[in-house]
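1. have a look at this prediction, sequence included:
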Amino acid sequence: MSLTYITTCTLCNQRFNVPGFEDLLTTGMGQQQVGQIIQKLSEHIQQKHPKEFAESLIPGFQLSGLLRLKHFHTDDTTANQMSEWMRHQIHELTRTRTVPDQKIREQVNKLELPGSVEDKVCPLIMEMRDILEERGKFAPKQPGASATDDNGKPKPAGVVTM
């Protein structure tokens, strides 16, 4: 039995009745229907929300370019930096989870560590989170920004020094 779901445009609240993908994905024809549904929803965005549609194309082009560029090696620091920046931007758009500072403090507090130890553990966990999520000083620099280490030597692309 195929279920029907309501899919709502978050920009204008227009509602679409859409068959459940789980049932559709079990057949070859169903996979084609999924593509048709996505096409129909995309057409809505393109026709009713052209600005948002145009903005949605940019990450697609970036991802496409990044997937092609990863098959090349270059000594061009700026090109490497640009590639890393594109990868980071895609990561930012697609990340669905983060751990706020307050949540880290709450979890560490549950360990019932002595205060002086807790004061050291929280910042370390927050820094590790920042490394994994590429936040703050661990975020890649925008193209054109300095790509040198503290000694003025070029940094290798894709390597985080800790």
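-> Arrived safely, thanks for sending.

2. use CA for all of it now, contacts and neighbours both
-> Noted.

3. name all residues that make contact with residue 52.
-> Residues in contact with residue 52 (CA atoms under 8 Å, 6 or more residues apart in numbering) are 45, 46.

4. okay, strands next: where are they in the chain?
-> Applying DSSP state E to the chain gives strands spanning 4-8, 15-19.

5. which among those strands is found nearest to residue 83?
-> Nearest of the strands of the chain to residue 83, taken as CA to CA: strand 4-8 at 34.6 Å.

6. domain assignment for the protein?
-> As assigned by automatic domain parsing, the chain contains the domains 1-48, 57-162.

7. buried residues, stretch 72-88. List them.
-> Within stretch 72-88, the residues that count as buried by 16 or more other CA atoms under 10 Å are 77, 78, 79, 80, 81, 82, 83, 84, 85, 86, 87, 88.

8. rewinding a little: let's have the domains of the chain in a markdown table, adding mean pLDDT.
-> Below are those laid out as a markdown table (pLDDT from 0 to 100):
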| stretch | mean pLDDT |
| --- | --- |
| domain 1-48 | 86 |
| domain 57-162 | 82 |
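
9. surely residue 125 touches residue 105?
-> No: if you go by CA atoms under 8 Å, residue 125 and residue 105 don't touch, sitting 9.3 Å apart.

10. quick revisit: return the closest of the buried residues of stretch 72-88 with respect to residue 59.
-> Nearest member of the buried residues of stretch 72-88 to residue 59, counting by CA to CA, is residue 86, at 8.5 Å.

11. now do the same contact list for the closest one.
-> Shown in contact with residue 86 (CA under 8 Å, 6+ apart): 62, 63, 66.

12. spatially, what comes nearest to residue 49 if we skip its sequence neighbours?
-> Distance criterion CA to CA, 6 or more residues apart in numbering; nearest residue to residue 49, sequence neighbours excluded, is residue 11 at 7.8 Å.

13. distance of the one you found relative to residue 53?
-> 11 Å (CA to CA, to the nearest Å).
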